[in-house]
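J.: Make a model of this:
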Amino acid sequence: MPNGRYAIGERHRFPRAKGGYMRRTFSVLTIAMVVVAAGAIAGSAATPKTPPTKQEIAKRILATPAGKTLTATARIALEAIARGDHRAAPDSNGLSAPVTIRLPKGLKPGGGPLPNVRVNDPSKDSNQIEQTTQSETSIAVSGSNVAVGYNDSQRTLLFLTAASDLSGVSNSSDGGQTFTDGGSLPNAPGRNNFGDPWLATDSNGTMYYSNLVLDFSSFSLLVGVAKSTDGGKTWSQATPIPPPPGNELGYMADKDAMVAAGPGNLYDTWDDFTATFDSTTGAFTEFSGLPVAHSSDGGGSWSINYADKTVLFSFDPTKPPDCSFHQYIGAMPLVIADGTVFEAALKFGADDPTCTFTAPITEEEWIFASHDGGQTFPQKVKIADVSPSTGAFFGAFQLGPGQFMRNLELPTLAARAGNLYAAWNDGASGHSHVVLATSKDGGNTWKTSPVTSGDNDEAQPALSSDGGALHLLYYEISPVGDGTSQLDVLISNSKNGTSWTSNTVTSQSFPGVYTLPQFDPIIAFTYMGDYIANVSDGSHQYFAWGDNRDIVNNFLWPQGRHDPDVFFARQ
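T.: I've put the predicted structure just below:
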């Protein structure tokens, strides 16, 4: 789900003059404070060298820009570890309005729509007042059976308990014409499912559900996988994937994504935080990595290798401070017909080895390739430089008063007719538009082209492919005319990746919801989901998205408020 109460806006607004360096200064200063604090934790060169505790490491991560891009549920887990308590409500310390706000100026999109079907059952949002958020979707399809996973804030108290569960699921046995709300994915004993759903179907029709899993006893956030053999009607417990060895200082996973490539052949990917400590020198290094977990027996056992790792931050008492930081986020897997495994991710960071506090934050899309089943990833290629979709790093779209929508430039992948395709939203034009990158040589070189243009903004693209075409799903944000904005979901189809035909998917435009402050007490500020779902089975394309058209009335909102639910359509 999406930033702390996402500190998308943890800095004050400054003018865009002088390359925007004043906005970036606070991010780099944060790194400097983390480095100094790490030194205090580790001790000086003249004192005994003791490693930081998991609680201290969690505090350090939260203080960096990495802490601001966490999934909302991952942020809840890390904050609880940092505080040493079980509170589920996210913190809002240092919160202010987003540093940059982007507004659309175009016209409402035309065309369509497709028939829309509500996926979750709003009548089940009756356990906790205001905890009524369902968003961030993923789909699995097997014949006429369709399963949709989503984040669900209803099934927890404001404090985490053994029964807390943030991973919802619904199923359909008629191709998506109707859905049954299946409640939450079963927790494994002593673990809590923590959202970030990603579903897949193998060639035998078995469905798999990957999500974050909190192991509070070890202060770790893992990735766990559940299985359904009856078309999504029932699910096993989400069994955690054992993390890579050598993480005595704690393990933190975020933003998982999974693909099935044959019967029981699964690749599950995510970004993680790991740390090393040298007891001799007191040097402490926090890494941001891209693990790739592979199972050939339907999730019974797993092996893990890294596509890449980068230094999030480091401290060495024997050297001058280094205020550089780099992070991967939004791992996206793809396996093509010859068995090559690809993983793409957004990389952002700043190079500031002498702590000048003027280094710009850069964003890049990267892709990694393995030709030995995910054991090694020798092919490491930067696809393109990226401009923040919202106008600045940690910016947001403003949909109305108190209604902000964070957005990250996460990549989405597909392959068709021997070509590889990657898409993301980019703000270089002055609005957020979808960019498509094409590679005709197995990912070694890439060429980018725009898919969308104009005065509106597009967000959260999701790409699928089949023998017929490429299919690109995304939100479009357009002005209402009264100073507020509305959202629609659009689908663009292309047979060659160069010319596109677009149609509206949503049968009704919808506004934003209150996210600053949040109406939902356990959801991060400015969060409205980080991704939507688009899957093709070769005959049809299946879409699911977070949608705010429904209205809730209660004693807090006697006049009503719009509510995030999940909707579905099929093309």
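J.: give the contact list for Ala569.
T.: Counting by Cβ atoms under 8 Å, 6 or more residues apart in numbering, Ala569 makes contact with 113-117, 176, 489, 505-506, 542-543. Where you see a C-beta, it was placed from the backbone N, CA and C, and this is true even at glycine.
J.: From the residues you listed, which land in strands?
T.: Mapping the contacts of Ala569 onto strands (DSSP state E) picks out 117, 489, 542-543.
J.: Below-threshold pLDDT in the chain: ranges please.
T.: For the chain, the stretches with pLDDT under 70 are 1-48, 92-103, 106, 108, 110-112.
J.: Do a quick rundown of the helices in it.
T.: Ranges of helices in the chain, per DSSP state H, are 21-42, 54-62, 65-68, 72-83.
J.: Quick check: bridge partners of Gly149?
T.: Counting by DSSP bridges, Gly149 is bridged to Ser138, Val169.
J.: Equivalent analysis for Ala260, please.
T.: Residues in beta-bridge contact with Ala260 (DSSP bridges): Leu266.
J.: heads up, I number from 39, so please use that
T.: Yep, numbering from 39; the last one is Ala298 now.
J.: Look up how far Ala127 lies from it.
T.: 36 Å (Cβ to Cβ, to the nearest Å).
J.: Also Thr267?
T.: Applying Cβ to Cβ to Thr267 and Ala127 gives a distance of 37 Å.
J.: With Gly429 instead?
T.: For Gly429, the distance to Ala127 - Cβ to Cβ - is 30 Å.
J.: Which one of these two is surrounded by more residues?
T.: Gly429 (22 against 17; other Cβ atoms under 10 Å).
J.: Leaving out chain neighbours, which residue sits closest to Asp335?
T.: Leaving aside its chain neighbours, Asp335 sits nearest to Gly302 (5.4 Å; criterion: Cβ to Cβ, 6 or more residues apart in numbering).
J.: cool, Tyr247 as well?
T.: That would be Ala264: by Cβ to Cβ, 6+ apart, it lies 4.4 Å from Tyr247.
J.: how close does the one you found sit to Asp219?
T.: In terms of Cβ to Cβ, Ala264 sits 17 Å off from Asp219.
J.: the more surrounded of the two?
T.: Ala264 (27 against 21).
J.: give me every residue that touches that one.
T.: 223-224, 246-247, 249, 273-277.
J.: Let's have the residues you listed in JSON lines, adding neighbour count.
T.: As requested, these are exported to JSON lines (neighbours: other Cβ atoms under 10 Å):
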{"residue": "Leu223", "neighbour count": "27"}
{"residue": "Pro224", "neighbour count": "15"}
{"residue": "Tyr246", "neighbour count": "26"}
{"residue": "Tyr247", "neighbour count": "26"}
{"residue": "Asn249", "neighbour count": "28"}
{"residue": "Trp273", "neighbour count": "24"}
{"residue": "Ser274", "neighbour count": "16"}
{"residue": "Gln275", "neighbour count": "17"}
{"residue": "Ala276", "neighbour count": "28"}
{"residue": "Thr277", "neighbour count": "17"}
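J.: which two from those residues end up farthest apart in space?
T.: Distance extremes for the contacts of Ala264: the farthest pair is Pro224 and Tyr246 at 14.0 Å, using Cβ to Cβ.
J.: number of nearby residues for the nearest residue to Asp212 once chain neighbours are set aside?
T.: Among residues not flanking Asp212 along the chain, Ser182 sits closest, at 6.1 Å (Cβ to Cβ, 6+ apart). When counting by other Cβ under 10 Å, one arrives at 12 neighbours for Ser182.
J.: Could you do the one 10 residues further on as well?
T.: Here the count is done by other Cβ under 10 Å, and Gln192 has 23 residues near it.
J.: Check the spacing between it and Ile167 real quick.
T.: Distance from Gln192 to Ile167, by Cβ to Cβ: 10 Å.
J.: and if you look at Thr267?
T.: 37 Å.
J.: who has more neighbours, these two?
T.: Thr267 (15 against 12).
J.: For the nearest residue to that one once chain neighbours are set aside, what are phi and psi?
T.: Excluding the flanking residues, the one nearest Thr267 by Cβ to Cβ, 6+ apart is Thr244, at 5.6 Å. The phi/psi pair for Thr244 (degrees, to the nearest 10) reads phi -70, psi 130.
J.: Wait, Thr244 touches Gly302, no?
T.: Yes - between Thr244 and Gly302 there is a contact at 7.3 Å, judged by Cβ atoms under 8 Å.
J.: okay, the two: which has more neighbours?
T.: Thr244 (21 against 18).
J.: For the stretch 89-238 of the chain, which segments count as strands?
T.: Along the stretch 89-238 of the chain, the stretches classed as strands by DSSP state E, counting those that start in this stretch are 139-140, 155-156, 172-180, 183-190, 205-210, 218-222, 230-231, 236-239.
J.: picking that back up, the residue nearest to Asp335 contacts Ser334, doesn't it?
T.: Yes - the pair Gly302 / Ser334 is scored as a contact, 6.3 Å apart, by Cβ under 8 Å.
J.: contacting residues around Lys162?
T.: 192, 219, 221.
J.: Going by distance to Lys87, which of those residues wins?
T.: Gln192 (46.3 Å).
J.: Touching, the closest one and Asp163? I think so.
T.: Yes - with contact defined as Cβ under 8 Å, Gln192 reaches Asp163; the gap is 5.2 Å.
J.: Find residues that contact each of these two.
T.: Joint contacts of Gln192 and Asp163 (Cβ under 8 Å, 6+ apart) are 169-170.
J.: Quick check: the gap between Gly228 and Gly122.
T.: Separation of Gly228 from Gly122 (Cβ to Cβ) stands at 18 Å.
J.: and the strands of the stretch 89-238 of the chain as JSON lines, adding distance to Gly550?
T.: Below are the strands of the stretch 89-238 of the chain laid out as JSON lines (distance: least, Cβ to Cβ, whole Å):
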{"stretch": "strand 139-140", "distance to Gly550": "12"}
{"stretch": "strand 155-156", "distance to Gly550": "19"}
{"stretch": "strand 172-180", "distance to Gly550": "12"}
{"stretch": "strand 183-190", "distance to Gly550": "17"}
{"stretch": "strand 205-210", "distance to Gly550": "21"}
{"stretch": "strand 218-222", "distance to Gly550": "24"}
{"stretch": "strand 230-231", "distance to Gly550": "27"}
{"stretch": "strand 236-239", "distance to Gly550": "25"}
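J.: Quick one, which of those gets closest to Asp493.
T.: strand 139-140 (11.2 Å).
J.: that older thread, and the residue nearest to Asp212, how close does it get to Ala571?
T.: Here the criterion is Cβ to Cβ. By it, Ser182 lies 18 Å from Ala571.
J.: mind listing what Ser341 touches?
T.: Neighbours of Ser341 in contact, by Cβ under 8 Å, 6+ apart: 331-333, 412-413.
J.: would JSON lines of those residues with distance to Glu401 be doable?
T.: Compiled in JSON lines, the contacts of Ser341 are given as follows (distance: Cβ to Cβ, whole Å):
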{"residue": "Ala331", "distance to Glu401": "26"}
{"residue": "His332", "distance to Glu401": "28"}
{"residue": "Ser333", "distance to Glu401": "32"}
{"residue": "Gly412", "distance to Glu401": "26"}
{"residue": "Gln413", "distance to Glu401": "29"}
